[in-house]
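Colleague: next input, structure requested:
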Amino acid sequence: MTATPYPLRITGELDPNLSRGLWIVKWLLALPHIFVLAFLWIAFLLTSIVALFAILFTGRYPRGLFDFNVGVMRWSWRVTFYAYGIIGTDRYPPFTLADVPDYAAHLDVDYPDHLSRGLVLVKWWLLAIPHYLIAGAIVGGGPYAGDPDYSAWLFGGGLIGAMTTVAAFWLLFTGRYPRTLFDAIMGLHRWTVRVGVYVSLMTDVYPPLRLDQGGGEPERASIDDAPAPA
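Modeller: Residues are numbered from 1 along each chain as shown. Predicted structure coming up:
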């Protein structure tokens, strides 16, 4: 068996000088992003439907649509990291689909050369059921990365929402964001985003049932390729 890196990379760098109270008004500061993302996620849904039929007939995800959808997820991740999904930075997110090298949060997905034509019909609902159940607890039964409702990215819910709330008040009263809590929240987001990439048809690699914590992409964030059964 050989270890192969998972096709998603999602990272975040915790700002050591976070404001104690800025998070209280970040919902207001994030409103311009929320407005734009509302339309971008509608476009994400439509392009994903087009991609489904393209994969079904050609075995390929149209590169332009793929890059656009990755950009939407990347933009959403930056806003999530800034606002109530993590509140890991006070630097305002840029309005762009492109990666911003000097920003604290990054997301990228490897483009697949080929995707299974048959798998596209079942992976986004049947095969993902175990992950749907887990993601429901992580985000409170609401949407997650890859779902064309951006609210969970911005405001959190479930386990992520509860842990981020604890971190916010800890920051308010102590001026410090607990590192262990940050690492755990990052791990939960990493789990749901992997699922989002899979159910959005961007990869055939099944998301690992594993919590990879930390701001950087862990070396163990890989899948094992076993020989196909004869």
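Colleague: count the neighbours of Thr96 for me.
Modeller: Residues within reach of Thr96, counting by other C-beta atoms under 10 Å, total 12. Glycine gets a C-beta too; all of them are placed from N, C-alpha and C.
Colleague: make that Ile138, sorry
Modeller: Using other C-beta under 10 Å, Ile138 has 25 neighbouring residues.
Colleague: and Leu154, what's its pLDDT?
Modeller: At Leu154, the model reports a pLDDT of 48.
Colleague: Tyr111 now?
Modeller: 98.
Colleague: which ones are touching it?
Modeller: Neighbour list for Tyr111: Tyr61, Arg63, Phe66, Asp67 [criterion: C-beta atoms under 8 Å, 6 or more residues apart in numbering].
Colleague: could these go into TSV alongside pLDDT, neighbour count and secondary structure?
Modeller: Shown next, in TSV, are those (pLDDT from 0 to 100; neighbours: other C-beta atoms under 10 Å; DSSP: H, G, I helix; E, B strand; the rest coil):
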residue	pLDDT	neighbour count	secondary structure
Tyr61	98	27	coil
Arg63	98	9	helix
Phe66	98	20	helix
Asp67	98	14	helix
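Colleague: can you pull the buried residues of stretch 102-118?
Modeller: Within stretch 102-118, the residues that count as buried by 16 or more other C-beta atoms under 10 Å are Tyr103, Ala104, Ala105, His106, Leu107, Val109, Pro112, Leu115.
Colleague: repeat that for stretch 196-206.
Modeller: Gly196, Val197, Tyr198, Val199, Ser200, Leu201, Met202, Thr203, Val205, Tyr206.
Colleague: distance to Val79 and pLDDT for those residues - can I get that in CSV?
Modeller: Converted to CSV, the buried residues of stretch 196-206 look like this (distance: C-beta to C-beta, whole Å; pLDDT from 0 to 100):
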residue, distance to Val79, pLDDT
Gly196, 15, 94
Val197, 18, 96
Tyr198, 22, 96
Val199, 21, 95
Ser200, 18, 95
Leu201, 23, 97
Met202, 20, 97
Thr203, 23, 97
Val205, 26, 96
Tyr206, 28, 96
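Colleague: these in helices, which ones?
Modeller: Cross-referencing the buried residues of stretch 196-206 against helices under DSSP state H gives Gly196, Val197, Tyr198, Val199.
Colleague: tell me which two in the contacts of Tyr111 are the farthest apart.
Modeller: Tyr61 and Asp67 (9.9 Å; C-beta to C-beta).
Colleague: distance check, Ala167 against Ile34.
Modeller: 21 Å (C-beta to C-beta, to the nearest Å).
Colleague: so for these two, which sits in the more crowded spot?
Modeller: Between Ala167 and Ile34, counting by other C-beta under 10 Å, Ala167 is the more crowded of the two (22 against 16).
Colleague: the nearest residue to the more buried one once chain neighbours are set aside: neighbouring residues, count only.
Modeller: Nearest residue to Ala167, sequence neighbours excluded (C-beta to C-beta, 6 or more residues apart in numbering): Leu181, at 5.0 Å. Other residues within reach of Leu181, judged by other C-beta under 10 Å, total 14.
Colleague: Leu181 touches Trp170, doesn't it?
Modeller: Yes: at 7.5 Å, Leu181 counts as touching Trp170 under the criterion of C-beta atoms under 8 Å.
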